[in-house]
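>>> this one's sequence-less:
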């Protein structure tokens with residue numbers, strides 16, 4: 001058994017899990033909230049204290065180093081069975097190990113698979129770094145045997161939502177913060193909140209990060225290290241499940257029975273996993289001149305503090321910075337580039353392409369992405385392997401590479417969904433490279449025709465606003481991103497500036513880049529056209545977002561045979577984002593409490609959609 005001796009935080013005070021729970025119960029915050037709830041509800045303090053104790057018993061971890069040692073070898077065998085290899089950026093791991101004894105750490109991995117937190121814990125254990133306590137969804141707690149095992153490996157379970165439950169908020173906040181203040185272990189959570197089914201980063205959730213940074217704002221710790229970790233999978237074990245969920249199939253409930261049934265994954269190979277620890281941010285250094293901790297010093301410790309606006313602004317920007325750092329360290333695999341190349345052909349109704357042509361185009365596309373700053377995992381040119389990573393939707397047949405699909409017909413929606421399943425699956429893999437190409441792709445879309453600098457910037461900004469829920473853009477950074485991308489494309493001699501006009505000079509590159517962003521824009525336009533005619537007009541007739549998105553999906557499925565409807569248009573995630581952006585732009589109203597939507601001014605809505613229509617023009621115009 002491995003000799004596991006991780007360095008400990010220099011100020012740590014050893015506590016067993018039961019001691020941690022007891023100290024949380026006796027904390028000033030929890031006692032004050034119990035007193036407040038007593039006055040509001042009339043319940044006795046003893047009753048609420050018993051409830052708080054039961055919540056902590058349900059929530060808290062029961063970390064056991066013995067259990068961790070026992071399963072460490074088993075996890076290693078599993079990864080050896082299902083992957084070709086797991087590569088680790090050792091420089092980042094060494095820095096993480098060194099800092100783990102100097103300051104409390106927040107580990108923030110990307111979240112693409114259920115394997116993420118298992119992989120991070122196993123790697124830290126393998127490199128003799130203190131394994132984290134992990135904020136996990138309560139769904140896992142109810143898995144017989146598995147929930148108990150995860151709890152003993154450091155997972156603490158939280159409800160998916162706790163609304164206005166003041167007692168639960170206080171207990172969760174105090175439980176998380178006591179690990180940070182005392183330095184019992186690094187705290188791990190996913191800033192995206194849930195697994196990304198789409199292959200690209202989700203918008204950050206700020207709540208957990210705000211709670212985790214509050215001890216710094218209160219000056220209860222001198223510094224906190226923020227550690228983004230990027231996990232790049234050549235193929236995730238849940239890929240088919242994710243595609244089905246994007247098509248509207250409900251997420252299956254986590255259960256031990258389901259896990260046992262899924263044991264067939266052990267018979268498959270999911271390629272390579274790359275793990276990279278990014279730049280470890282010092283909250284102290286980043287907050288200098290941005291967060292004034294003296295404000296909180298004037299508030300008695302017995303008073304539960306509220307987050308000040310300047311603190312929330314700092315947290316929000318830090319959250320985006322973490323995700324952008326994760327993206328900067330992401331490794332793109334050739335199979336993702338191959339997906340983009342094949343979708344470029346599928347847009348022209350080419351479902352079979354000569355392998356020689358695909359190999360040539362794949363090399364060209366990889367070269368373009370590397371020039372745009374992509375970290376590409378390109379060990380050797382191996383088209384059969386790259387194709388196998390896209391199976392079963394893509395396969396080799398003789399001297400051709402085939403995108404598996406049956407011809408759709410408006411009378412048989414099953415065939416439509418089969419073909420769309422194939423396209424959404426390829427689209428999901430293409431999305432893994434979008435963080436590299438999105439800015440260049442938006443400029444390519446804007447520069448279908450030559451435009452002045454001011455007009456180019458205006459349309460780039462508008463397109464960026466439309467796609468704000470699809471991709472990660474640093475708020476307030478539009479012009480710097482624009483200038484950087486313009487300079488990048490000029491250095492690559494893809495665009496030229498003459499006579500006060502920008503012009504995209506490489507038509508082939510422009511067409512490929514546009515094909516990356518067009519599926520999103522086509523889906524948005526198609527969805528908005530349905531909204532113009534069928535979205536409820538008053539709050540009394542408002543409809544749930546989920547129900548309305550289902551109607552949009554059904555409508556687009558029926559229209560799929562039309563030439564202007566994209567096969568990826570029935571992706572429920574993109575359809576929902578198209579509704580959310582309308583609310584962000586003030587064109588529809590969303591009741592956040594009821595999760596309902598309606599359009600208050602259909603005429604203004606219709607006019608706005610017409611203004612966006614220029615993004616929908618064919619590439620060759």
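Now that the structure is in, tell me what you want to look at. The model shown is predicted, which means the values in this text are computed figures rather than measured ones.
>>> the closest residue to residue 177 other than its chain neighbours: neighbouring residues, count only.
Nearest residue to residue 177, sequence neighbours excluded (Cβ to Cβ, 6 or more residues apart in numbering): residue 215, at 5.3 Å. Just so you know, the C-beta spots here come from the backbone N, C-alpha and C atoms, and that holds for glycine as well. Number of residues near residue 215 (other Cβ atoms under 10 Å) recorded here: 19.
>>> quick one: contacts of stretch 196-204?
Here stretch 196-204 makes contact (Cβ atoms under 8 Å, 6 or more residues apart in numbering) with 110-112, 191-194, 242-243, 245-246, 316, 319-320, 322-323, 326-327, 336, 428-432, 434-435, 469-472, 571, 573.
>>> just the buried subset of these, please.
Using 16 or more other Cβ atoms under 10 Å as the burial test, those include 110-112, 191-193, 242-243, 245-246, 319-320, 322-323, 326-327, 336, 428-432, 434-435, 469-472, 571, 573 as buried.
>>> what's near enough to touch the residue nearest to residue 177?
By Cβ under 8 Å, 6+ apart, the residues touching residue 215 are 104, 177, 180, 181, 221, 224.
>>> quick one: which of these has the most company?
Using other Cβ under 10 Å as the neighbour criterion, residue 104 leads the contacts of residue 215 with 28 neighbours.
>>> who touches that residue in this structure?
Residues counted as contacts of residue 104 (Cβ under 8 Å, 6+ apart) are 9, 179, 180, 181, 183, 186, 187, 215, 221, 223, 224, 225.
>>> and those residues as a markdown table, adding pLDDT and secondary structure?
Listed next are these as a markdown table, based on pLDDT from 0 to 100; DSSP: H, G, I helix; E, B strand; the rest coil:
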| residue | pLDDT | secondary structure |
| --- | --- | --- |
| 9 | 93 | coil |
| 179 | 97 | helix |
| 180 | 97 | helix |
| 181 | 96 | helix |
| 183 | 94 | coil |
| 186 | 96 | coil |
| 187 | 97 | strand |
| 215 | 94 | helix |
| 221 | 95 | coil |
| 223 | 96 | coil |
| 224 | 97 | coil |
| 225 | 97 | strand |
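>>> ok, of the residues you listed, which one's closest to residue 131?
residue 186 (7.9 Å; Cβ to Cβ).
>>> residues near that closest one, how many?
Residue 186 has 26 nearby residues by other Cβ under 10 Å.
>>> residue 121 is in contact with that one, correct?
No: counting by Cβ atoms under 8 Å, residue 186 does not reach residue 121; the two are 10.4 Å apart.
>>> could you measure from residue 109 over to residue 319?
As judged by Cβ to Cβ, to the nearest Å, residue 109 and residue 319 stand 14 Å apart.
>>> buried set for the longest helix anywhere in the chain?
Longest helix in the chain by number of residues (criterion: DSSP state H): helix 507-534. The neighbour-count check on helix 507-534 (16+ other Cβ under 10 Å) flags 509-531 as buried.
>>> do the same with stretch 203-212
Using 16+ other Cβ under 10 Å as the test for burial, stretch 203-212 gives 203, 204, 206, 208, 209, 210, 211, 212.
>>> make TSV out of these and add distance to residue 75.
TSV is the format used below for these (distance: Cβ to Cβ, whole Å):
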residue	distance to residue 75
203	31
204	29
206	32
208	25
209	28
210	32
211	29
212	26
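>>> show only the entries of the residues you listed found in strands.
Applying DSSP state E to those, no entry is found in strands.
>>> so which of these is the closest to residue 540?
residue 203 (30.5 Å).
>>> what does the pLDDT read for that closest one?
According to the prediction, residue 203 has pLDDT 96.
>>> for the stretch 251-400 of the chain, what spans make up the helices?
Here the stretch 251-400 of the chain has its helices, by DSSP state H, counting those that start in this stretch, at 256-261, 283-287, 294-297, 309-328, 334-346, 355-371, 383-388.
>>> of these, flag the one that's most buried.
helix 334-346 (a mean of 24; mean count of other Cβ atoms under 10 Å).
>>> what's the average pLDDT for it?
Rounded mean pLDDT across helix 334-346 is 95.
>>> run through who's touching that helix.
199, 234-235, 271, 351, 353, 358, 361-362, 365-366, 369, 376-378, 383, 386-387, 389-390, 394, 401, 403, 423, 426-427, 429-430, 432-433, 511-512, 515-516, 519, 567.
>>> helix/strand/coil for residue 136?
strand (DSSP: H, G, I helix; E, B strand; the rest coil).
>>> ramachandran angles for the closest residue to it other than its chain neighbours?
Distances taken as Cβ to Cβ, 6+ apart place residue 155 nearest to residue 136, at 4.3 Å, with adjacent residues excluded. Dihedral pair for residue 155: phi -80, psi 130, per degrees, to the nearest 10.
>>> hey, what's residue 155 bridged with?
Counting by DSSP bridges, residue 155 is bridged to residue 134.
>>> looks to me like residue 475 is in a helix.
No: using three-state DSSP, the assignment for residue 475 is coil, not a helix.
>>> does it touch residue 317 like I think?
Yes: contact criterion Cβ under 8 Å: residue 475 and residue 317 qualify, at 7.2 Å.
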